[in-house]
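Visitor: got a sequence here, can you build the structure:
(one chain, ligands or ions: 3)
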Amino acid sequence: MAQRTFWIYYILLLNTTIQMVNGGFRKLFHKDIRYERLSLLNFTEVSKEYGYKSEEHTVITEDGYVLTLFRIPKGKNCHFTVQRTPVLIMHGLLLSSDSWIDSGPEAGLAYLISDDCYDLWAGNVRGNYYSRNHTRMNPDVDPEFWKFSLNEFGVYDLPAIIDYILDYTRSIKLNYIGYSQSGGSFVIMCSERPGYCAKVSVAIFLHPAAKMTNAKSQALRIITDVYQILEPILHNPLELEALPKGGYIQKITHDICQNDFIADKICRSILTMLDSYNPGSISVSTIRALTGHFPAGTSVRVMAWFSQVLNKEEFQNFDYGPVMNMKIYGRNQPSTYNCNATTAPVVIIHGESDNIVSKKDVEWLKDQLPNVLEVVYVKNPLWNHFDVPYSQHTREMLYPKIGEYLFKYSGNGVG
Ligand SMILES: *[C@@H]1O[C@H](CO)[C@@H](O)[C@H](O)[C@H]1NC(C)=O
Ligand SMILES: *[C@@H]1O[C@H](CO)[C@@H](O)[C@H](O)[C@H]1NC(C)=O
Ligand SMILES: *[C@@H]1O[C@H](CO)[C@@H](O)[C@H](O)[C@H]1NC(C)=O
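Guide: Numbering: from 1, shown residues only. Ligands and ions are numbered 1, 2, ... in the order given. Just a heads-up that it's a prediction; the model follows:
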């Protein structure tokens with residue numbers, strides 16, 4: 001415990017130091033930085049650059065959040081008719097839809113899926129830079145905007161996005177791909193919103209995060225613990241937003257990681273420290289590109305919720321402490337999600353070297369879910385958490401299984 005307190009003070013001090021150094025660094029070097037062009041562009045612009053036609057859609061949730069949804073209706077290399085069942089792909093913690101294109105057309109899942117003739121939709125949950133808007137609240141002014149955790153992704157964002165896509169494409173069902181937190185939020189949706197699970201033909205979970213007790217990453221534990229401690233004492237809307245794009249952490253990471261040598265050595269070792277080492281998997285140009293889109297911002301409460309699931313044996317709603325829990329949930333403890341409500345067929349794909357979502361926790365989730373078709377471990381034993389969006393080997397390592405199930409559960413017959 002004393003050691004943890006030490007690290008928390010250390011991080012707060014480091015935080016202040018980085019903030020100061022950042023100001024000086026930017027003044028001195030900013031004009032000399034040659035940014036990876038793609039890191040400065042949004043989903044639509046990057047896709048256009050690669051020759052993919054994409055669309056932007058706006059979804060409004062029941063509670064007024066304005067979310068951006070991107071669509072690639074037909075991939076550049078799709079030469080057949082597009083399958084009727086649309087595919088929705090949802091990003092991980094502190095990421096956005098851009099994580100599906102940052103590794104380029106040879107590896108980005110948004111391109112692989114649309115090139116395989118699926119109608120590809122890439123969503124963004126509330127709070128990241130594409131979904132930082134509301135019909136009534138202003139994220140810069142209203143602290144209420146930031147009062148959400150994974151619960152709200154599952155209860156409001158996913159149902160709104162799913163309904164929008166089904167309505168727009170006049171489809172009865174869609175296929176869902178959820179990476180990390182978007183596996184967990186799908187399970188939350190099925191638990192809390194009866195009927196929504198039935199709108200999904202197959203749900204493919206990539207390294208799903210639900211209960212995370214066995215995560216090996218100490219760095220992730222320390223960072224999220226800091227937010228857990230800060231969460232109840234922060235009130236200012238600018239403090240309730242965690243790690244936004246355009247914030248100093250994102251800016252300094254973006255600036256520093258543009259140098260090839262630094263990107264390869266220093267920026268890669270930050271990813272390694274958070275996760276694990278898989279040499280050569282993520283290319284230097286992808287590291288340079290992704291730092292323009294990561295971290296993408298979320299709420300402090302989401303970060304704190306991760307600290308909670310890292311420490312508890314339950315997959316639960318946000319824990320406010322006994323007094324507030326009583327007011328909100330009518331009991332001392334937060335409500336627990338019914339994993340058994342995930343009636344849609346689920347395929348889980350995972351990698352053995354993932355230090356954020358461990359194999360044990362994936363096995364736990366598998367045992368909770370009533371309709372798991374298959375749990376697949378990626379062939380490369382070094383495959384880790386960040387490889388899912390960013391590896392240059394997704395086409396061989398990840399896509400064949402995804403493609404197999406999308407095909408089985410699309411169009412005619414099934415679903
Ligand atoms: C992306 O960039 C294009 C071109 O600059 C712009 O028109 C569009 O509004 C941007 N989209 C989003 C969602 O920011
Ligand atoms: C925020 O959403 C509203 C729709 O409720 C829209 O009118 C407004 O233009 C959006 N603001 C930004 C900055 O996109
Ligand atoms: C699912 O689990 C909940 C509690 O965990 C239980 O009350 C419910 O009966 C279960 N439902 C089914 C269909 O097994």
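
Visitor: could you work out the end-to-end span of stretch 108-121 for me?
Guide: Stretch 108-121 stretches 13 Å from its first residue to its last (Cα to Cα, to the nearest Å).

Visitor: off-centre distance for that stretch?
Guide: Relative to its chain's centre, stretch 108-121 lies at 18 Å (Cα atoms, centre = their mean, to the nearest Å).

Visitor: buried residues, it. List them.
Guide: 108-121 (16 or more other Cβ atoms under 10 Å). Using the backbone N, CA and C atoms, a C-beta is placed for each residue, glycine as well.

Visitor: state the mean pLDDT of it.
Guide: Averaged over stretch 108-121, pLDDT sits at 98.

Visitor: tell me how far the helix or strand hosting Cys190 lies from the chain's centre.
Guide: Using DSSP states H and E, Cys190 maps to helix 181-192. Relative to its chain's centre, helix 181-192 lies at 13 Å (Cα atoms, centre = their mean).

Visitor: could you point out which element follows that helix?
Guide: strand 200-206.

Visitor: export that following strand to CSV, keeping only CA atoms.
Guide: Included here for strand 200-206 are C-alpha records, laid out as CSV according to Å, rounded to 0.1, in the frame of the first residue of the first chain:
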residue,chain,number,x,y,z
VAL,A,200,-26.9,-8.9,-33.3
SER,A,201,-26.3,-12.0,-35.4
VAL,A,202,-22.8,-12.6,-34.0
ALA,A,203,-20.6,-10.7,-31.6
ILE,A,204,-16.9,-11.0,-32.0
PHE,A,205,-15.0,-9.9,-28.9
LEU,A,206,-11.3,-9.0,-29.4
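
Visitor: now do that strand: everything it contacts.
Guide: Identification of contacts with strand 200-206 by Cβ atoms under 8 Å, 6 or more residues apart in numbering yields 85, 162, 173-180, 183, 186, 342, 344-350, 365, 373, 388, 398, 402, 405-406, 408-410, 414-415.

Visitor: just the buried subset of those, please.
Guide: Among these, those classed as buried by 16+ other Cβ under 10 Å are 85, 162, 173-180, 183, 186, 342, 344-350, 365, 388, 398, 402, 405-406, 408-410, 415.

Visitor: can you pick out the ones from these that are in helices?
Guide: Assigned to helices by DSSP state H, the following of the buried ones among the contacts of strand 200-206 qualify: 162, 183, 186, 365, 388, 402, 405-406, 408.

Visitor: ok, the residue nearest to Val187 when sequence neighbours are not counted to ligand 1 distance?
Guide: Leaving aside its sequence neighbours, Val187 sits nearest to Thr342 (Cβ to Cβ, 6 or more residues apart in numbering; 5.2 Å). Distance from Thr342 to ligand 1, counting by Cβ to the nearest ligand atom, to the nearest Å: 31 Å.

Visitor: Pro381 now?
Guide: 38 Å.

Visitor: ok, that residue - how many residues close by?
Guide: 10 (other Cβ atoms under 10 Å).

Visitor: which residues does it contact?
Guide: Per Cβ under 8 Å, 6+ apart, neighbours of Pro381: 352-353.

Visitor: count of neighbours near the closest residue to Tyr337 other than its chain neighbours?
Guide: Spatial nearest neighbour of Tyr337, chain neighbours left out: Ser191 (4.1 Å); criterion: Cβ to Cβ, 6+ apart. Using other Cβ under 10 Å, Ser191 is surrounded by 22 other residues.

Visitor: is it correct that Ser191 is in contact with Asn317?
Guide: No - between Ser191 and Asn317 there is no contact under Cβ atoms under 8 Å: 9.8 Å.

Visitor: between those two, which contacts overlap?
Guide: Shared contacts of Ser191 and Asn317 (Cβ under 8 Å, 6+ apart): Tyr337.

Visitor: picking up where we left off before, mind listing what the residue nearest to Val187 touches?
Guide: 186-187, 190-191, 197, 203, 369-371.

Visitor: hang on, the earlier thing: among the buried residues of stretch 108-121, which lie within helices?
Guide: Those of the buried residues of stretch 108-121 mapping onto helices are 109-115, per DSSP H.

Visitor: ok, so of those, who is nearest Met212?
Guide: Among those, Leu109 lies closest to Met212 (Cβ to Cβ), at 22.7 Å.
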